[in-house]
Every structure is written in C-alpha cells, then in structure tokens.
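Student: here is my input; please provide its structure:
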Amino acid sequence: MSVVFDRKAGEIGGDGWNLMDTQERSKCSGRSRGLVWYIGTAACLGLLYLLLLVVILSYVVNNDKATSPQGTDQLQFFTLGQTECENLTLQWIQLQKRYNKLSESTQQLQTMFSSKNAELDAIRDERDQLKMDTRNLTKEMENLTLQGIQLQKRYNKLSESTQQLQTMFSSKNAELDAIRDERDQLKMDTRNLTKEMELLQSRFNTVVTMRDELQEEVKRLNLNRTEKLCPDDWKKYNNKCYYVSAQRVSKSWDKSKKDCEDRGAHLAIINSRDEQDFVSKFYDRTWIGLSDKDLEGHWKWVDGTDLVGDGYWQEGEPNNDRNIEHCAEVSRKGGGWNDMPCSERLSWVCNLPL
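Tutor: A predicted model of the protein is given here:
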C-alpha cells in the first residue's frame, strides 16, 4: 500500500488508503468512515516510528565517521533526517489532535446513531400502530359504509312514510277545519239555546211559584172546610186529640178511665213509639188504657182490642208483684210500661181520634 503525505494540507492520500470501495462506502454511515480514518492514522504513526528508529540506528553506527568526507555527507543526511523527523513529529501531533477530534466526533456520531436508532424504532412502532389503526379504520369505514347504506334505505322508507303521513295530515287538517267550523256553529247554537232555555226556565219558575201559591191556597181552603179541631185545653198530635190531667191532680186507674169517658174519649191507647214518647213527656208516671183485670196475663185496651206484639214494657215487666198489679202506667224515668195496682193514684192522659 503506497502512502503520500501532504505537508501543507496535513492530509494522507494514496491508492491503497481507501480500504473500502466506493459502492461499499456509499452504503456505510458516518461510523464506518470514522473507522477508516482511525486505521489510516494508526498505520501512518507506525511508519513514522519505524523511520525514526532507522535514523537513530544510522546515527549510532556512523558516529565515528563524522570527521571523514563521507561523515559530512552522513551528517547532512542526519540533519535532513532530523528536520524531517521534527516535521513528522509536528504532523504526528496534528494528526493526534485530528484523531482525538475524530474520536470525539465518532462518539458523538455513535450517540446520535443510537438516538436515531431509538427514534427509528419508535417511528417503526408508531408506523406499525398506524398501520394497525389504518386497518381498523378501514374495517370501521367499511362497517360504517354498510350502515350508511342501510340507513339510507331506512331513510328512503321513512321519507315515503313521511310523505304518506303528510298527505294524511293534510287530509286530517281539512277534516279538522270542517269539524271546528261545525263546533263553532254548535257553540253558537248552544249559546242561543241556552239563552232560550234560561228564558223558559225563568218563565217555568214563575209558573211553578204561581202553582205552589195556588196549591197552598187550595190546601188552606180545604183545611178550613174539612179540618176538625180539638176541644179547648186538648192537644192535637197525629190526627188525635189528647187531654192531659191537671198538675197535682191524681186518680186511680178506674176513676181516670171514667173521667176520659165523661169527656167523650178513653184512656190513652198507644200504637207507636211516637205516641209512647208523646204521652210520657208530660209526667213522670201516667195511666194508660191497658189492663189485664179480666184475665191475668191477657192485656187488653179500654176499647176492647187486645195488645198486639210485645208492647213497650220496661225490662222485667209486667211482673204482677204480689198478684195485685193489673193496670199499666207509662214511666218516663223507666222508659216504658209498668204494671201497677189499679188503686194507685197517678196522672192520666185521654185521647180521642178525629
């Protein structure tokens, strides 16, 4: 391998310096080029050290011959070699500096290369992810396309249905307008009929009032014509006249019965709860026209009719205490009838049917 060293440029060239052909160098990165420079620099330094060693050996061998004419030539050669060696040393120092710079550049390039590789890996991962996303998006787009076709079909059907509904709506609107017109007419007729009805109702009320007044007048006239009045000091109740004995006046049952007969009436005959309440409200104890004097336990009214039903006896009555209780009284405190001795002196009530 031939080597040519340019002192001015401080560069090394040669046909054998390019350890890699042009096609291979074009394929390599900055790291390969730095490696070539490193190998070339190392070879140059080896040659320099070899040359220096040869010069030193020549100087030692020919030291004794320095005084001869040949020694003078050798001294010149040695001086030339020393100068050349100094130049080579300076160039070696420069090459060392360049080597250091190249080493730093190589490290920087190595770091950048690693960083770029990491970025490249990240980009590749991102590319793969984008490819996967693209495939997924493609599938989604295809699905959306199919859905869009289906939606379009549905939209077309809905459009047809909408048109039909619009037609029906227009028809119904026309019918609704007709119904509204008819409703308005009916409202107007109703208002008119309401006014007429109110007028007729007012007339009817007037007629009813007049009729009621006439009926009351007729009843009053009929009552004056047919009504029977009770005697003085008698009380009228349910179409009967009642005579109530005076206060602090009392008689036996037989004398009370005779007093009623003398007045053209009889001791009170009670046929209802209302009559029972009416007769008992005057005195606490009052004779009524009921007895079993003819046959014990067979109670009869003074008009000869039998007692129908259970009557309105108090609880436990009649009991015919001591076998002398054969006449009936009304006890307001007891709330019903009670059998008593007929000789007992009590108030009495007579009644007379109208």
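
Student: can you pull out the helices in the stretch 151-300 of the chain?
Tutor: Taking DSSP state H, counting those that start in this stretch to define them, one finds helices in the stretch 151-300 of the chain at 253-262, 273-280.

Student: could you dump the longest one to CSV, C-alpha only?
Tutor: Below are the C-alpha coordinates for helix 253-262, written out as CSV (Å, rounded to 0.1, in the frame of the first residue of the first chain):
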residue,chain,number,x,y,z
TRP,A,253,-157.0,3.8,87.2
ASP,A,254,-160.8,3.3,87.2
LYS,A,255,-161.6,6.9,88.0
SER,A,256,-159.1,8.1,85.3
LYS,A,257,-160.9,5.8,82.9
LYS,A,258,-164.3,7.2,83.9
ASP,A,259,-163.0,10.8,83.6
CYS,A,260,-161.9,10.1,80.0
GLU,A,261,-165.3,8.5,79.2
ASP,A,262,-167.1,11.5,80.6
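
Student: avg pLDDT for it?
Tutor: Across helix 253-262, the average pLDDT comes to 97.

Student: contacts for that helix, please.
Tutor: Residues from elsewhere that reach helix 253-262, judged by CB atoms under 8 Å, 6 or more residues apart in numbering: 243, 245, 251, 266-267, 287, 289, 291, 302, 327, 340, 342-344, 346, 348, 350. C-beta here means a position set from N, CA and C on the backbone, and glycine is covered the same way.

Student: please apply the same query to the last one.
Tutor: With CB under 8 Å, 6+ apart as the test, helix 273-280 has contacts from 237-238, 242, 268, 270, 286, 288, 312, 330-332, 336, 349.

Student: among the residues you listed, which one has the lowest pLDDT?
Tutor: Lowest pLDDT of the contacts of helix 273-280: residue 238, 88.

Student: that older thread, mean neighbour count and distance to residue 323 for the helices of the stretch 151-300 of the chain - can I get that in TSV?
Tutor: Below are the helices of the stretch 151-300 of the chain laid out as TSV (neighbours: other CB atoms under 10 Å; distance: least, CB to CB, whole Å):
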stretch	mean neighbour count	distance to residue 323
helix 253-262	18	16
helix 273-280	17	27
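
Student: out of those helices, which comes closest to residue 155?
Tutor: Closest to residue 155 of the helices of the stretch 151-300 of the chain, according to CB to CB: helix 273-280, at 87.0 Å.

Student: alpha carbons only: can I get that closest one in PDB?
Tutor: This file holds the C-alpha atoms of helix 273-280, laid out as PDB (Å, rounded to 0.1, in the frame of the first residue of the first chain):
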ATOM      1  CA  ARG A 273    -143.200   4.600  69.600                       C
ATOM      2  CA  ASP A 274    -144.100   8.200  68.700                       C
ATOM      3  CA  GLU A 275    -147.300   8.100  70.700                       C
ATOM      4  CA  GLN A 276    -145.400   6.500  73.600                       C
ATOM      5  CA  ASP A 277    -142.800   9.300  73.600                       C
ATOM      6  CA  PHE A 278    -145.600  12.000  73.300                       C
ATOM      7  CA  VAL A 279    -147.700  10.600  76.200                       C
ATOM      8  CA  SER A 280    -144.600  10.100  78.500                       C
END
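
Student: pLDDT averaged over that helix - what is it?
Tutor: Averaged over helix 273-280, pLDDT sits at 93.

Student: quick one: it to chain centroid distance?
Tutor: With CA atoms, centre = their mean, to the nearest Å as the basis, helix 273-280 stands 68 Å off its chain's centre.
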